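In: Next one to model:
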Amino acid sequence: MKRFICFIAFLAAATLMAVSCKKPLDIQPNDNPGGNETPTDKPEVKPVDEFILSVMSFNVAVDNRQPVNGWDDRKKAVIKMLTEVRPMVIGFQEAQAHEITDMINAHPEYGWYGIGRDTGTVPPTTTSYSAEESMAVFWLKDSLEVLDKGTFWLSETPDKLGKGWDAAYARTLTWVRFRHKKSQMRFMIFNTHLDNKGKTARTESMKLIAQKMVDLNPNGFPSFLSADFNTGSTDAIFAPIKDKMKSTRDVAPDSDKTKYTYNGYNAPKSQIDHIFYCGPQLTPLTFKVLDGDYGNKWISDHYPIMATYRYKRK
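Out: Down below sits the predicted model:
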């Protein structure tokens, strides 16, 4: 009988230990075995209601592999420019894999996305010459979170590789949906390069872009369209977006309205690079053509353009 009673007592004690105790090694730093207080909880950080958003569009120019105006001649100036102005978002045109690699190596604070316009593949990480172009988008990783991204071709079959209409080259558009970390507010960028030869291609491309901007943004987040459009901002091709978007150059209170953006390495000059925007949350502040001295006569055959906006919660 005594043995039976002792056995029952042992079982009861073992059961109690199993349901109420943790081994010392199981106790985690945030465990609070002493009560209901949670001294390790951090106070909730309230999202900010506004921030300044800077957007750059830059045709960085294909590498002609020449001693003058080739990438090796220009890359230090490009890297210096990025160091000085540090835009939050950049839409590149004509960016080749070795150019992207050099810029990211110098500025690892940026994330990026883009695919080759001819193969539909992600450009390799390389410092050796790589011919294929992409419409790469860069962003500051400490400021922005990527929610979604994609690419389509400017053609009758936008989900397939290839040229469209009378275009001389295959053309793509890169889009990214972002969330600003400190405010939790969202926006989208659409970045492209319209054909330099095909007039029909430019017209039809803008119709396609206008429709895709609706399809890819059903929630109506503020949006930007950055590009080397190969035409002036008053061209009739912009009719599909005329009532929806504004040219930042035209409405920013501090704007380089008359400066040209294409220099052609001292060729005839023109104003063919633009940044359009839409969204009542956005107030344009500045529009600048970055034609300063960054240590080389030419940073590219195009000057970078950069716009700033106040993004305020509505």
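In: in stretch 269-285, what counts as buried?
Out: Within stretch 269-285, the residues that count as buried by 16 or more other Cβ atoms under 10 Å are 271-279, 281-282, 284-285. Placement of C-beta: from N, CA and C, glycine included.
In: That should have said stretch 56-69, apologies.
Out: Met56, Ser57, Phe58, Asn59, Val60, Ala61, Val62, Asp63, Asn69.
In: Next, please give the residue ranges for the helices of the stretch 151-300 of the chain.
Out: All helices of the stretch 151-300 of the chain, identified by DSSP state H, counting those that start in this stretch, fall at 199-215, 239-242, 248-251.
In: Please put the alpha-carbon coordinates of the longest one into PDB.
Out: As requested, C-alpha coordinates have been extracted for helix 199-215 and formatted as PDB (Å, rounded to 0.1, in the frame of the first residue of the first chain):
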ATOM      1  CA  LYS A 199       6.500  57.500 -84.700                       C
ATOM      2  CA  THR A 200       3.700  55.000 -84.700                       C
ATOM      3  CA  ALA A 201       5.500  53.100 -82.000                       C
ATOM      4  CA  ARG A 202       5.700  56.200 -79.800                       C
ATOM      5  CA  THR A 203       2.000  56.900 -80.200                       C
ATOM      6  CA  GLU A 204       0.900  53.400 -79.600                       C
ATOM      7  CA  SER A 205       3.300  52.900 -76.700                       C
ATOM      8  CA  MET A 206       1.800  55.800 -74.900                       C
ATOM      9  CA  LYS A 207      -1.700  54.400 -75.300                       C
ATOM     10  CA  LEU A 208      -0.500  51.100 -73.900                       C
ATOM     11  CA  ILE A 209       1.300  52.700 -71.000                       C
ATOM     12  CA  ALA A 210      -1.800  54.800 -70.100                       C
ATOM     13  CA  GLN A 211      -3.900  51.600 -69.900                       C
ATOM     14  CA  LYS A 212      -1.300  49.600 -68.100                       C
ATOM     15  CA  MET A 213      -0.900  52.300 -65.500                       C
ATOM     16  CA  VAL A 214      -4.600  51.900 -64.700                       C
ATOM     17  CA  ASP A 215      -4.500  48.100 -64.800                       C
END
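In: how about it: buried residues?
Out: Buried positions in helix 199-215, judged by neighbour count with 16+ other Cβ under 10 Å: Ala201, Arg202, Thr203, Glu204, Ser205, Met206, Leu208, Ile209, Ala210, Lys212, Met213.
In: What strand or helix carries Lys76?
Out: In the assignment (DSSP states H and E), Lys76 maps to helix 71-85.
In: count of neighbours near the residue lying closest to Thr192 once chain neighbours are set aside?
Out: Leaving aside its sequence neighbours, Thr192 sits nearest to Leu173 (Cβ to Cβ, 6 or more residues apart in numbering; 4.0 Å). With neighbours defined by other Cβ atoms under 10 Å, the count for Leu173 comes to 26.
In: Who is Leu173 paired with across the strands?
Out: Phe152, Thr192 (DSSP bridges).
In: What are the buried residues along the helix holding Lys76?
Out: Neighbour counts over helix 71-85 (16+ other Cβ under 10 Å) mark Trp71, Asp73, Arg74, Lys75, Ala77, Val78, Ile79, Lys80, Met81, Leu82, Val85 as buried.
In: Out of the residues you listed, which is nearest to Asp301?
Out: Arg74 (9.7 Å; Cβ to Cβ).
In: ok, the closest one to Val62 distance?
Out: Separation of Arg74 from Val62 (Cβ to Cβ, to the nearest Å) stands at 11 Å.
In: where does this protein dip in pLDDT?
Out: Low-confidence segments of the chain, defined by pLDDT under 70: 1-43.
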